[in-house]
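> Quick one: sequence plus predicted model below, questions after.
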Amino acid sequence: MSSFVARWLALPPNLRGILWVGMSGVVFALLNVFTLIPSQHLNPYVMAFLRYLFGAMFLLPLVIRLGPYRSLHTNRLGLHISRGAIHTVGMMLWFVALPLTTLAEITALGFTGPIFVTVGAALFLGEDVRLRRWLAVIVGFIGAMIIIRPGFSALHLGVICILVSTPIFSASNLISKALARTDSASTIVIWQNIVIVVCAAPLAIWFWQTPSWVDLLWFLAAGLCGTLGHICQQRGYQLADITLLQPIGFLSLIWNTLLGYFLFVQTPDAWTFVGAAVIFGSAMYISHREAVRRAQIKTADTKAGPES
């Protein structure tokens, strides 16, 4: 075991980050399966609450091992609370969409995240977005339209919820990336679970449906996968640049498509994959331009440093 750990630590940080995020994609695909089954008959608000309640149960041993102070201590509590509240809204919408769309559609439309981040940075943060990035946003939007095909297929509630939840999750992921600079992956995931359970509880109580014992077993498996997935993802964020991690997300389309097909007989049409490829190409270009912009800013700051 120690030799395996030594070989693992000997790998370059970027490669370890890629492998962590790759593992998170597989675990999150299993999470989708375990939550899709009870979502057929349970209220989405109850689903979101139970998903994170059971996830918190698997974090208790970690809190006990690290101690409450070490596992919960942070100087950025407000940012943790903001992120948890934002993620709660996205999770509610996601659970509404889950029984209404295929796993492949949910995953493919989720690739539009970088597109929404670019638009939000321009509209709300005053970031200077040049023509090439705007063209990439337009191409990504076309990719989403290829999947949805308005006028040719029904624009149902599930698709709308996914499209609304995607920028919300993008904002949550950006905040978590910022938090990863100062807080450990364990602290970020623990606070996320605490805040989401607290935020989701009132709606869950209002719309309460008592789950069966079988449902509770599914939530137990989902809680384990969700906790492991977020820890793997956060470790990846701490080790590698998000630009390098972007292509790994495309693998999740493969896992979700295979699981959806073999377990639930969900057969996505060819347009889902065509649209996903277009969106993915757009997201990759946006991430590349963002990396170039950060490198230019860093170079400019380095040159200006000695003169100031």
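Everything's here; your move.

> CA only for contacts and neighbour counts going forward, please
Noted.

> Tell me where the stretch 101-250 of the chain has helices.
Assigned by DSSP state H, counting those that start in this stretch, the helices in the stretch 101-250 of the chain fall at 103-110, 113-124, 131-148, 157-179, 185-206, 213-239, 242-245.

> So which of those is the most surrounded?
helix 103-110 (a mean of 25; mean count of other C-alpha atoms under 10 Å).

> Return the alpha-carbon coordinates of that helix using CSV.
Output of helix 103-110 as CSV, limited to C-alpha atoms (Å, rounded to 0.1, in the frame of the first residue of the first chain):
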residue,chain,number,x,y,z
LEU,A,103,-28.7,10.8,-18.8
ALA,A,104,-27.0,11.6,-22.1
GLU,A,105,-29.0,14.8,-22.6
ILE,A,106,-28.4,16.0,-19.1
THR,A,107,-24.7,15.4,-19.5
ALA,A,108,-24.4,17.0,-23.0
LEU,A,109,-26.3,20.1,-22.0
GLY,A,110,-24.1,20.4,-18.9
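
> so how far is it off the chain centroid?
How far helix 103-110 lies from its chain's middle: 12 Å, per C-alpha atoms, centre = their mean, to the nearest Å.

> so which of the helices of the stretch 101-250 of the chain gets nearest residue 38?
Each of those has some distance to residue 38 by C-alpha to C-alpha; the shortest is helix 213-239, at 5.8 Å.

> packing partners for that closest one?
helix 13-39, helix 44-66, helix 157-179, helix 185-206 (3 or more C-alpha pairs under 8 Å, 6 or more residues apart in numbering; DSSP states H and E).

> Repeat the analysis, applying 6 Å as the threshold.
Here helix 213-239 touches helix 13-39, helix 44-66, helix 185-206, going by 3 or more C-alpha pairs under 6 Å, 6 or more residues apart in numbering; DSSP states H and E.

> For the stretch 51-200 of the chain, give me the ranges with low pLDDT.
114, 117-118, 120-129, 150-155 (pLDDT under 70).

> Now render the helices of the stretch 101-250 of the chain as JSON lines, adding distance to residue 63.
Formatted as JSON lines, these follow (distance: least, C-alpha to C-alpha, whole Å):
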{"stretch": "helix 103-110", "distance to residue 63": "31"}
{"stretch": "helix 113-124", "distance to residue 63": "32"}
{"stretch": "helix 131-148", "distance to residue 63": "41"}
{"stretch": "helix 157-179", "distance to residue 63": "19"}
{"stretch": "helix 185-206", "distance to residue 63": "8"}
{"stretch": "helix 213-239", "distance to residue 63": "13"}
{"stretch": "helix 242-245", "distance to residue 63": "28"}
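
> To residue 73, which of those lies closest?
helix 185-206 (7.5 Å).

> quick one: contacts of the closest one?
Contact partners of helix 185-206, identified using C-alpha atoms under 6 Å, 6 or more residues apart in numbering, comprise 45-46, 49, 52-53, 56, 71-72, 84, 88, 231, 234-235.

> Which one of those residues is nearest to residue 180?
Nearest to residue 180 among the contacts of helix 185-206, with distances taken as C-alpha to C-alpha, is residue 234, at 7.1 Å.

> which residues touch that closest one?
By C-alpha under 6 Å, 6+ apart, the neighbours of residue 234 are residue 185.

> Could you rerun that using 8 Å?
Residue 234 sits next to 176, 177, 180, 185, 188, 189 when contact means C-alpha atoms under 8 Å, 6 or more residues apart in numbering.

> do the same with residue 53
The contact partners of residue 53, by C-alpha under 8 Å, 6+ apart, come to 193, 197, 223.

> that older thread, show me the one of the helices and strands packed on helix 213-239 that comes nearest residue 96.
helix 44-66 (5.4 Å).

> which parts of that closest one are buried?
44-56, 58-59, 63 (16 or more other C-alpha atoms under 10 Å).

> Pull out the buried residues from the following helix or strand past that helix.
Going down the chain from helix 44-66, the next helix or strand is helix 68-72, by DSSP states H and E. The neighbour-count check on helix 68-72 (16+ other C-alpha under 10 Å) flags 71, 72 as buried.

> Cool, thanks, signing off.
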